[in-house]
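Student: Whatever this is, show me its structure:
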Amino acid sequence: MAIATALRRRFQPAPDSITGHCLRQGRSPWLDMVHLLWSAWVFITPAFSPGGYNARWAALTAVSYPLFVLLYARVLVAPARTAWRPAAAMIVLCLVLLPWYPSGMSYFVFGCVFLHVHGRRSAWVAVGQGLLLGLGFVAYAFLLGYPWQAVVWMPLVTLIVGAVVQVDRMSERADAALKLSQEEVRRLAAAAERERIGRDLHDLLGHTLSMVALKSDLAARLVERDPDAARREIGEVASGARQALDQVRRAVSGIRAAGLAGELASARLLLETDGVEFGYELGEGGDGSALPAAVESVLALTVREAATNIQRHARASQARVRFAIKGGEAVLLVEDDGRGGAIVPGNGLAGMRERVEAARGTLAIGRGPRGGTRIEARLPLAANDDAARG
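Tutor: As a prediction, this is how the structure comes out:
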């Protein structure tokens, strides 16, 4: 029990580890385990070596391969500053076993690649390090009596595989930086929108509220001396308040319409920067002017959650949003051509369903005609409009 607890603690992903990075990006942490398939060369190499599959090879494989897998897993979960240690241990494991175990060459390649990935050096320094390690390995193998045909390719293979993995990591870092910039744009846009709303409301209500306060004060003074004049002042207060309320409703209607349009624009930015072709069609009532506040909010959040789900989980190449008002209902349809499949708990779809149902609507999620996911939200306009007025 104590050993299991220690292992769990040892293999808990650090925030800045490869696995921690995957989790923050919403990707499966098991994706990096796919590269372990290249270690199949451990089991293929004896077919091309003089010794073949003998008892010594079986014994050394039974001991070394599980250790290699543990080192591989440790590289994935270790903090960035210490991840070089299990990578270096792979190289040492290869060099120690090489006099008797040609299959250990695969451990050397993995170790060099992980040193490239986690190193904070420039690209040229990493290339130089890879060449030195590769040439050192070749010299050591020659001393052990390996034929040159068996080992001369090692520096080249190490550099090529390392370069491929490094480019993949650089692409992931660029994507992460782009997503952070998108979040910053959204934050700044939200702050600017709050400031604009504040200015608009001040312009709309400042004069009216000053008039209401002044005339209410005057009516209070006149109520005993001149009741008719007091009633006129109160009537003007009521008329001014109604006008202000009408102005606020018109302003809020414009804000709500901009909210749906803004989410569609954000969805386009998010998906197209991730390589997903995105488009939307706005049918009857698509400008948002006829939508109650509750419906507008739910639709905007539905678009946001659906776009996030497509970007993180769908692996789609195309996505499309359709919106229209039909038979007293606001109908929103989101489709993609991704992998579809079962809904993953925690990816925002559960919250989407709760919001739609709270607005007395229905949400249907299933497979689309192109094999991806199809999300259809239907929200009644009348019920939400009555609720807003009430």
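
Student: Give me the helices and strands touching the particular helix or strand that has residue 305 in it, please.
Tutor: Using DSSP states H and E, the element containing residue 305 is helix 293-309. If you count contacts as 3 or more CB pairs under 8 Å, 6 or more residues apart in numbering; DSSP states H and E, helix 293-309 packs onto helix 227-272, strand 318-326, strand 329-336, helix 349-358, strand 373-380, helix 381-389. For every residue, glycine as well, the C-beta is placed using N, CA and C.

Student: could I get these as JSON lines with distance to residue 133, mean neighbour count and mean pLDDT?
Tutor: As requested, the helices and strands packed on helix 293-309 are exported to JSON lines (distance: least, CB to CB, whole Å; neighbours: other CB atoms under 10 Å; pLDDT from 0 to 100):
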{"stretch": "helix 227-272", "distance to residue 133": "41", "mean neighbour count": "16", "mean pLDDT": "74"}
{"stretch": "strand 318-326", "distance to residue 133": "44", "mean neighbour count": "18", "mean pLDDT": "90"}
{"stretch": "strand 329-336", "distance to residue 133": "44", "mean neighbour count": "23", "mean pLDDT": "92"}
{"stretch": "helix 349-358", "distance to residue 133": "47", "mean neighbour count": "16", "mean pLDDT": "84"}
{"stretch": "strand 373-380", "distance to residue 133": "46", "mean neighbour count": "22", "mean pLDDT": "92"}
{"stretch": "helix 381-389", "distance to residue 133": "66", "mean neighbour count": "14", "mean pLDDT": "60"}
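
Student: Nearest to residue 13 among the ones you listed would be which one?
Tutor: helix 349-358 (24.7 Å; CB to CB).

Student: I'd like the next helix or strand past the closest one.
Tutor: Following helix 349-358 in sequence, per DSSP H and E, is strand 362-367.

Student: quick one: buried residues of that following strand?
Tutor: For strand 362-367, the neighbour count (16 or more other CB atoms under 10 Å) marks 363, 365 as buried.

Student: Quick check: mean pLDDT of it?
Tutor: For strand 362-367, the mean pLDDT works out to 90.

Student: could the helices and strands packed on helix 293-309 be laid out in a markdown table, adding distance to residue 45?
Tutor: Shown next, in a markdown table, are those (distance: least, CB to CB, whole Å):
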| stretch | distance to residue 45 |
| --- | --- |
| helix 227-272 | 44 |
| strand 318-326 | 44 |
| strand 329-336 | 43 |
| helix 349-358 | 47 |
| strand 373-380 | 44 |
| helix 381-389 | 68 |
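
Student: closest one to residue 283 among those?
Tutor: strand 318-326 (2.9 Å).

Student: Work out the gap between that closest one and the centre of the chain.
Tutor: Centroid displacement of strand 318-326 relative to its chain, using CA atoms, centre = their mean, to the nearest Å, is 23 Å.

Student: what about stretch 199-212, distance to the chain center?
Tutor: Stretch 199-212 has its C-alpha centroid displaced from the chain centroid by 42 Å (CA atoms, centre = their mean).
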